[in-house]
Every structure is written in structure tokens, then in C-alpha cells.
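Engineer: attaching a predicted model along with its sequence, questions to come.
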Amino acid sequence: MSYLDKRLTERQNDPEFKKAWKENELEYQIARNVIRKRKERGLTQAQLAKLIQTKQSAISRIENGYSNVTIGTLEKVAEALETDVYRLMGAKRDSAQEESSTAL
């Protein structure tokens, strides 16, 4: 279990934290998945930024949950990380979604 996961488990006992987490869970999920996928690919924030033609600080804001990332930016990040937006959001794609994306 990562340090972050351990801290999240501990903090879930705090009602205020739990409420705030629930309200922002999707943003946190995206941030965690971007970090995980970037590290799996062996990329730095600067390298990922270069791939999607943005600044390293923009990647940092996404990974820290300080940015309301647009779908367009999320699509660029997903493509650079060789994944898709659904997986960055922590969602599993069903067969209809798979067929629809391959038909395009």
C-alpha cells in the first residue's frame, strides 16, 4: 500500500475529510491515474508536458488536483500515456464503449 493510500485510509475517519473527498473523488482519481501511468511509462512531468505541448507546471497542477482539466487536455494526456480517458477516470469500459471507439 502506497503512502498516499495509507494516509487516505487514515483520514477517512474524519467526517469533514470524508465529505470533501467524496465531492472531489473524480479529480483525485484522475490525478492518481495520471501519476501512475506517467511513472509506468518512465516519463517525467516535463517529458509528458512536451508530448502534449504544454508546460510542466500544467502537468503538476493536474497531478495535484489544482486544475479543472478540460476533456481535450485529458484526451491528449491519455493518448500520450497510451491509455484512454475512461481509464484515467478509473472507469472500466464496457463492450459497447469499446465498439464505439474502434468504429471511429
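Structural biologist: Now that the structure is in, tell me what you want to look at.
Engineer: how about Q12, what does it touch?
Structural biologist: Counting by C-beta atoms under 8 Å, 6 or more residues apart in numbering, Q12 makes contact with K18, W21. Backbone N, C-alpha and C define where each C-beta goes, glycine included.
Engineer: swap in G65?
Structural biologist: Contacts of G65 by C-beta under 8 Å, 6+ apart are N24, E27, Y28, A31.
Engineer: now the buried members of these.
Structural biologist: Neighbour-count burial (16 or more other C-beta atoms under 10 Å) is assigned, among the contacts of G65, to E27, A31.
Engineer: close enough to count as contact, A46 and Q56?
Structural biologist: Yes. Using C-beta atoms under 8 Å, A46 is in contact with Q56, at 4.4 Å.
Engineer: hmm, back to that, check the contacts of G65 against L81 and report the nearest one.
Structural biologist: Among the contacts of G65, A31 lies closest to L81 (C-beta to C-beta), at 13.0 Å.
Engineer: just checking, that closest one touches S60?
Structural biologist: No. Using C-beta under 8 Å, A31 makes no contact with S60, being 10.3 Å away.
Engineer: could you pull out the helices in this protein for me?
Structural biologist: Under the criterion DSSP state H, the chain contains helices at 3-11, 15-23, 25-40, 45-51, 56-63, 71-80, 85-88, 95-103.
Engineer: let's have those helices in a markdown table, adding mean pLDDT.
Structural biologist: Formatted as a markdown table, the helices of the chain follow (pLDDT from 0 to 100):
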| stretch | mean pLDDT |
| --- | --- |
| helix 3-11 | 82 |
| helix 15-23 | 86 |
| helix 25-40 | 93 |
| helix 45-51 | 98 |
| helix 56-63 | 95 |
| helix 71-80 | 96 |
| helix 85-88 | 94 |
| helix 95-103 | 47 |
